[in-house]
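> Have a look; sequence and predicted model below, questions after that.
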Amino acid sequence: MKKYFSFLLMTSLLSAFAQQKNEAIFPGKIWKDQSGIPINAHGGGILYFHKTYYWFGEIKKGKTNRAPDISSWEDYRVNAGGVSCYSSKDLVNWKYEGVALAPNKTDSTSDLHTSRVIERPKVIYNAGTHRFVMWMHIDKYDYSYARAGVAVSDKPAGPYHYLKSVSPNGQMSRDMTLFKDDDGKAYLIYSSEDNKTMQVCLLSADYSSPTAAYNRILIGDNREAPAMFKCQHTYYLITSLCTGWDPNKALYASADSVMGAWTMHDNPCTGPDADSTYHAQSAFVIPVAGKNNDFIFMADKWNKTDLEHSGYIWLPLKVIGGKPVIRWKNSWTPE
């Protein structure tokens, strides 16, 4: 009988440990899922669907290597691991849903082969087709391919079926994000022309192809890591300078329409370490459901020589006097 109760106690303790809850977000610290395993979802983005948040990100696992034939920048990378998915109701505690888009381990010509680059996955829902559409940056190890890949699924967490990669309107596409407007139109935003400009491209009605409608913005500004959001009637785009894996000062741009003229502004980050974006790089901006002016700034704290153990910096963002403002917090909980 004593052994039986000891077994029950141990089982209960293990179950409680496995389902241990996070009480807050601790920017830059190790962030574990509900099973106690560190979250592996880098360069990520968030889909909000049916009162649930889905976090998609790059799976970075294994040894980090530097490409020996690239001397112009520090081309550190791990084998492409595909795209992971986590779900949450409160943005603090995350359940691992599995691999949303698996890499290809056998065909070296595949866009999804482990020798390639699969970065910055973002997912939006198409109400017309009832499909979830994922776009991502697809590249070769030396970043000479510069294409955008697209995959679809009937379920938010996947699995996703890879369709193709494209060069939107014959243009390069590297660091990218997705933005779905209030009218249901969706846009692909990406670094182009050897990262010298950003481009904004209207997607087709089913979100699976670029259209011929696109706009060159931030011309000559050398920006990457785009994160777009809308507050009231103004569109905002947070980007970083192109400094490889090393952090730099974020800047933001604003416009009255997605395809209109964009004006560059100063750093949205404030306080100590603002000039390095708190030693991180922008990834996505999450609109908090049910709030008019509550956003979360997602950024990656890259560990360039050990990419698997790169961290996440999530901070509250508010628009004050027309300017996005991000302040550092050691810990915080979304309202």
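Nice, thanks for sending it over.
> which residue is nearest the middle of this structure?
Residue closest to the average C-alpha location in the chain (Cα atoms, centre = their mean): Gly44, at 2.3 Å.
> Which residues lie in contact with that residue in this structure?
Going by Cβ atoms under 8 Å, 6 or more residues apart in numbering, Gly44 touches Trp55, Phe56, Gly57, Glu58, Arg120, Pro121, Ala283, Phe284, Met298, Asp300. Using the backbone N, CA and C atoms, a C-beta is placed for each residue, glycine as well.
> 10 Å - rerun?
By Cβ atoms under 10 Å, 6 or more residues apart in numbering, the contact list for Gly44 reads 55-58, 83-86, 120-122, 283-284, 298, 300, 312.
> Next, the nearest residue to it once chain neighbours are set aside: secondary structure please.
Once flanking residues are discounted, Gly44 sits nearest to Gly57: 3.2 Å by Cβ to Cβ, 6 or more residues apart in numbering. Under DSSP: H, G, I helix; E, B strand; the rest coil, Gly57 falls in the strand class.
> so where's the protein uncertain?
Along the chain, the model assigns pLDDT under 70 to residues 1-19.
> picking that back up, what helix or strand does the residue nearest to the centre of the chain sit in?
Using DSSP states H and E, the element containing Gly44 is strand 42-49.
> quick revisit: closest to Lys196 out of the contacts of Gly44?
In terms of Cβ to Cβ, no member of the contacts of Gly44 lies closer to Lys196 than Arg120, at 18.7 Å.
> The closest one - how many residues pack around it?
Residues lying near Arg120 (other Cβ atoms under 10 Å) number 30.
> residue boundaries of the helices in the chain?
Remark: helices assigned in the chain by DSSP state H are 2-18.
> returning to that earlier point: narrow the contacts of Gly44 to those in strands?
Counting by DSSP state E, the contacts of Gly44 place 55-58, 83-86, 120-122, 283-284, 298, 300, 312 in strands.
> hmm, back to that, pretty sure the residue nearest to Gly44 sits against Trp31.
No: contact between Gly57 and Trp31 fails when scored by Cβ atoms under 10 Å: they sit 11.4 Å apart.
> before we move on, the earlier item: between which two of the contacts of Gly44 is the distance greatest?
Spatially, the most separated pair among the contacts of Gly44 is Cys85 and Asp300, at 17.1 Å (Cβ to Cβ).
> who's more crowded, these two?
Legend: neighbour count by other Cβ under 10 Å for Cys85 and Asp300, higher for Cys85 (29 against 26).
> So what pairs up with the more buried one in the strands?
Phe56, Gly98 (DSSP bridges).
> contacting residues around it?
Listed by Cβ under 10 Å, 6+ apart, the contact partners of Cys85 are 41, 44, 47, 54-57, 94-101, 121, 123, 134, 153, 155-160.
> What's the ChimeraX syntax to select whichever of the residues you listed are buried?
Selection of buried members from the contacts of Cys85 for ChimeraX, criterion 16 or more other Cβ atoms under 10 Å:
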select :41,44,47,54,55,56,57,94,95,96,97,99,100,101,121,123,134,153,156,157,158,159,160
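> re earlier: between the contacts of Gly44, which is closest to Tyr235?
The nearest member of the contacts of Gly44 to Tyr235, counting by Cβ to Cβ, is Phe284 at 15.0 Å.
> Tell me, how many residues neighbour the closest one?
Around Phe284 sit 27 other residues, with neighbours defined as other Cβ under 10 Å.
> ok, now the one 10 residues further on?
In terms of burial, Asp294 registers 17 neighbours under the definition other Cβ under 10 Å.
> So it sits against Glu335, correct?
Yes: counting by Cβ under 10 Å, Asp294 does reach Glu335; the two are 6.6 Å apart.
> if I look at the two, which residues touch both of them?
Counting by Cβ under 10 Å, 6+ apart, the shared contacts of Asp294 and Glu335 are Val288, Pro316.
> Which one of the contacts of Gly44 is nearest to Cys231?
Phe284 (15.1 Å).
> Relative to Gly220, how far out is that closest one?
Applying Cβ to Cβ, to the nearest Å, the value for Phe284 to Gly220 is 25 Å.
> Likewise for Tyr162?
Tyr162 is 34 Å from Gly220, where distance means Cβ to Cβ.
> Could you check which of the two is surrounded by more residues?
A count of neighbours by other Cβ under 10 Å puts Tyr162 above the other of Tyr162 and Gly220, at 20 against 8.
> distance of the residue nearest to Phe26 when sequence neighbours are not counted from Ala280?
Distances taken as Cβ to Cβ, 6+ apart put Ser331 closest to Phe26, at 4.9 Å, once the chain neighbours are dropped. Applying Cβ to Cβ, the value for Ser331 to Ala280 is 16 Å.
> if you count what's nearby, which of these two comes out ahead?
For Ser331 and Ala280, the more surrounded residue by other Cβ under 10 Å is Ala280, and the numbers stand at 27 against 10.
> So that one is in contact with Pro27, correct?
Yes: counting by Cβ under 10 Å, Ala280 touches Pro27, with 8.4 Å between them.
> Could you pull up the residues touching the nearest residue to Trp94 once chain neighbours are set aside?
Among residues not flanking Trp94 along the chain, Tyr86 sits closest, at 4.1 Å (Cβ to Cβ, 6+ apart). Tyr86 makes contact with 33-34, 39-41, 44, 46, 53-57, 93-98, 100, 157, according to Cβ under 10 Å, 6+ apart.
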